[in-house]
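Engineer: Below is the structure, and that's it, no one-letter string:
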């Protein structure tokens, strides 16, 4: 095992979780006026993506896109400012949590509409193919998006045109409050079903960062090598409510026992255990210094967002296009 890679994975996971936990703590104050969809518990997948993706790659994501934005190199301060509706936000304060974008790092947007960004990501892959080279387009989606017709149309087009696109499905078992059992057939499972469309399909444990990395490295190698698109399904679990900063186990759509079982499989704790054993005496100091630096970065981002101005009213229609 490359321990430097493992340290990078864990650092990314600490960063993502720390940021989202800070959002959850601060959200009730009412300064972030947009809905937020947190991915606490799902950090292994974006951390592994961050270890594979390049700046010249493209990525699109979903309403639950904070971790994906950061994994692609998005600016933390700009993201936090966007959640506060400030002019310094990555979408100028106009998009909020569900509409993050940063073309400078190839992060081409998120969408509040389930499945809406999938054809955009495939279109970006078509552009990359026309341009030449080995850059890829990364499409993040959830298990609910594979119930949308546009997903199958997009995969079909990507396979036919042999496009450089990787579909990364984070299967967290629920579409809002509906479990998989009431939405999709149990067999053969998402990856196997999608693989029937002629795409190279992979699956893995979405709570094991090292396993995620191994699967993604294989998928990226295939697509960068010009062998066509890939689909990757990772099984994982969100801890917080579908939309918002709180826990929602009291609603009864999932059991406390199920929730606690997945918490026992915490991807952050799992990698911490692995690294602490491997690093021995170096662990405590490295952990303390790294966590402190990440906490400082997070605090600075929120302070900058608080201090930043809101967009000027006169700029409300800048960037809007309409026929006269």
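Structural biologist: Thanks, I have it. These figures come from a predicted structure and were not determined experimentally. Residues are numbered from 1 along each chain as shown.

Engineer: Tell me where the stretch 101-250 of the chain has helices.
Structural biologist: 118-131, 149-161, 190-195, 209-224 (DSSP state H, counting those that start in this stretch).

Engineer: what residue is smack in the middle of this protein?
Structural biologist: By Cα atoms, centre = their mean, the mean C-alpha position of the chain lies nearest to residue 68, the distance being 3.0 Å.

Engineer: correct me, but that one touches residue 53?
Structural biologist: No: the pair residue 68 / residue 53 is not scored as a contact, 9.9 Å apart, by Cβ atoms under 8 Å. (Each C-beta comes from the backbone N, C-alpha and C, glycine too.)

Engineer: Find residues that contact each of those two.
Structural biologist: residue 59 (Cβ atoms under 8 Å, 6 or more residues apart in numbering).

Engineer: Ignoring the adjacent residues along the chain, who's closest to the residue nearest to the centre of the chain?
Structural biologist: Excluding the flanking residues, the one nearest residue 68 by Cβ to Cβ, 6 or more residues apart in numbering is residue 61, at 4.1 Å.

Engineer: same deal with residue 145?
Structural biologist: Nearest one to residue 145, counting by Cβ to Cβ, 6+ apart, is residue 115 at 4.4 Å.

Engineer: ok, the one you found touching residue 143?
Structural biologist: No: counting by Cβ under 8 Å, residue 115 stays clear of residue 143, with 11.5 Å between them.

Engineer: list the buried ones in the strand or helix carrying residue 288?
Structural biologist: Using DSSP states H and E, the element containing residue 288 is helix 283-307. For helix 283-307, a neighbour-count test (16 or more other Cβ atoms under 10 Å) marks 287, 294, 298, 301-302, 304-305 as buried.

Engineer: Tell me which other helices or strands it touches.
Structural biologist: On a contact count with 3 or more Cβ pairs under 8 Å, 6 or more residues apart in numbering; DSSP states H and E, helix 283-307 meets helix 3-26, helix 76-83, helix 267-279.

Engineer: State the distance from residue 172 to residue 227.
Structural biologist: 29 Å (Cβ to Cβ, to the nearest Å).

Engineer: go on, residue 269?
Structural biologist: Separation of residue 269 from residue 227 (Cβ to Cβ): 36 Å.

Engineer: How about residue 68?
Structural biologist: 24 Å.

Engineer: and what of residue 186?
Structural biologist: The gap separating residue 186 from residue 227 is 31 Å, by Cβ to Cβ.

Engineer: same question, residue 277
Structural biologist: Between residue 277 and residue 227 the distance is 37 Å, computed by Cβ to Cβ.

Engineer: Check residue 283 too.
Structural biologist: 40 Å.

Engineer: ok, now residue 98?
Structural biologist: Counting by Cβ to Cβ, the gap from residue 98 to residue 227 is 33 Å.

Engineer: Have a look at these two and say which one is more surrounded.
Structural biologist: With neighbours defined as other Cβ atoms under 10 Å, residue 98 and residue 227 compare such that residue 98 has more, 22 against 12.

Engineer: what pLDDT does the more buried one get?
Structural biologist: Note on residue 98: pLDDT of 97.

Engineer: name the element residue 37 belongs to?
Structural biologist: Short version: residue 37 belongs to no helix or strand, going by DSSP H and E.

Engineer: All further residue positions should be reported with the first residue as 11.
Structural biologist: Yes, from this point I'll number from 11; that puts the last item at residue 47.
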